[in-house]
Structure formats: structure tokens, C-alpha cells
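[1] Based on what follows, work out the 3D shape:
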Amino acid sequence: MRLSNLADYAVVTMSAAARHCGGVRVSAAELAAETGLPTPTVQKLVSKLTAAGLLRSVRGAGGGLQLARPAAAISVADIVEAVEGPIALTACVDAQDCCYDDACSLKPHWPVVNNALRGALASIPLTQLSGAPEMELTQ
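    Residues are numbered from 1 along each chain as shown. Sure thing, here's the model as predicted:
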């Protein structure tokens, strides 16, 4: 399994945002400059990450972006799911049009595999990737 570029960029963007933890707000343009990602890509990601409740956007003077919760409470799984949807190695778990569905002996086992993968990604907090302090809270 390989993450899409967008999911990879989301982890990079959130790691950069986490380094600004503690009430400092940052713009999408600043995150783009820090990460080397194109500004339109970061803006698209910011929209998805905000909708997922991982980033908070504040308008007006002194506005900008900040983590919606402490970096230690955001996992890689949270970020990937914000961009990609539920974590699954195969589409057949939810697919209704699989031509092998009736004869598939593996289908009942895929949820176990998918849960293990999600659990592994959920065990990695954003602080581990960003160098952000474990206990620092957002304001």
C-alpha cells in the first residue's frame, strides 16, 4: 500500500502546523513556503483538514490556521482519513459490484487487516513526526 500524494502532503502540512502549536496562527501560504508544497495544494488540504476538525481557521486580524486539538491527540490515521476516507487496503470490503463477492473466502478477513493497519497509523501521534511538544495545548 502506498499513500496518495495528497495524503502524504497532508501529513507534511499538519507536521508543519504542529510546529506552530501553542496559539501561534499561520497562513496556508506560510505552510506552503515552509513545506515547499504548492500553495493551491496546501489550500485544498487546509480545507479538507478543517472540515475534518483537525485544523481551525480564524478570520480577521491575527487570524490564520492552528491545530484544532493538541498535536499529541492527532494521529497519522486521523490525517490520512481526512484526505482519503476510511483506511482500507482493498475496496472490496465496501464494494457492491465485485464479481467475485459470492465466492470470496477472504472478504470476511479484510476488516481485521484494515483495522490492524488503521491501529498502526493511529498509534503514531503528530508530535512524533513534527517535533512538537507532547503536552502543549492549542488555544
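[2] And the helices in the chain, which stretches?
    Secondary structure of the chain, counting by DSSP state H: helices at 5-18, 28-35, 39-51, 76-84, 110-122, 126-130.
[3] Save those as a markdown table, and put in distance to G60 and mean pLDDT too.
    C-beta here means a position set from N, CA and C on the backbone, and glycine is covered the same way. What follows is these, written out as a markdown table (distance: least, C-beta to C-beta, whole Å; pLDDT from 0 to 100):
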| stretch | distance to G60 | mean pLDDT |
| --- | --- | --- |
| helix 5-18 | 19 | 95 |
| helix 28-35 | 16 | 95 |
| helix 39-51 | 16 | 97 |
| helix 76-84 | 25 | 96 |
| helix 110-122 | 35 | 90 |
| helix 126-130 | 26 | 90 |
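[4] if I look at D78, how far off is A122?
    8 Å (C-beta to C-beta, to the nearest Å).
[5] What pLDDT does the model give V58?
    On the pLDDT scale, V58 is placed at 87.
[6] How about the one 10 residues further on?
    Here, the pLDDT recorded for A68 equals 94.
[7] Not counting residues beside it along the chain, what's closest to it?
    Spatially, and ignoring its direct neighbours in sequence, A68 is nearest to R56 (4.3 Å; C-beta to C-beta, 6 or more residues apart in numbering).
[8] need the contact list for that neighbour.
    Counting by C-beta atoms under 8 Å, 6 or more residues apart in numbering, R56 touches 50, 65-68, 138.
[9] what do you get for A51?
    Contacts of A51 (C-beta under 8 Å, 6+ apart): A82.
[10] picking that back up, quick check, nearest of the contacts of R56 to S15?
    L67 (10.8 Å; C-beta to C-beta).
[11] Quick check, the closest one in contact with S57.
    No - using C-beta atoms under 8 Å, L67 makes no contact with S57, being 11.4 Å away.
[12] Looking at those two, which one has more neighbours?
    L67 (26 against 16; other C-beta atoms under 10 Å).
[13] in the sheet, who's paired with the more buried one?
    Using DSSP bridges, the bridge partners assigned to L67 are L55.
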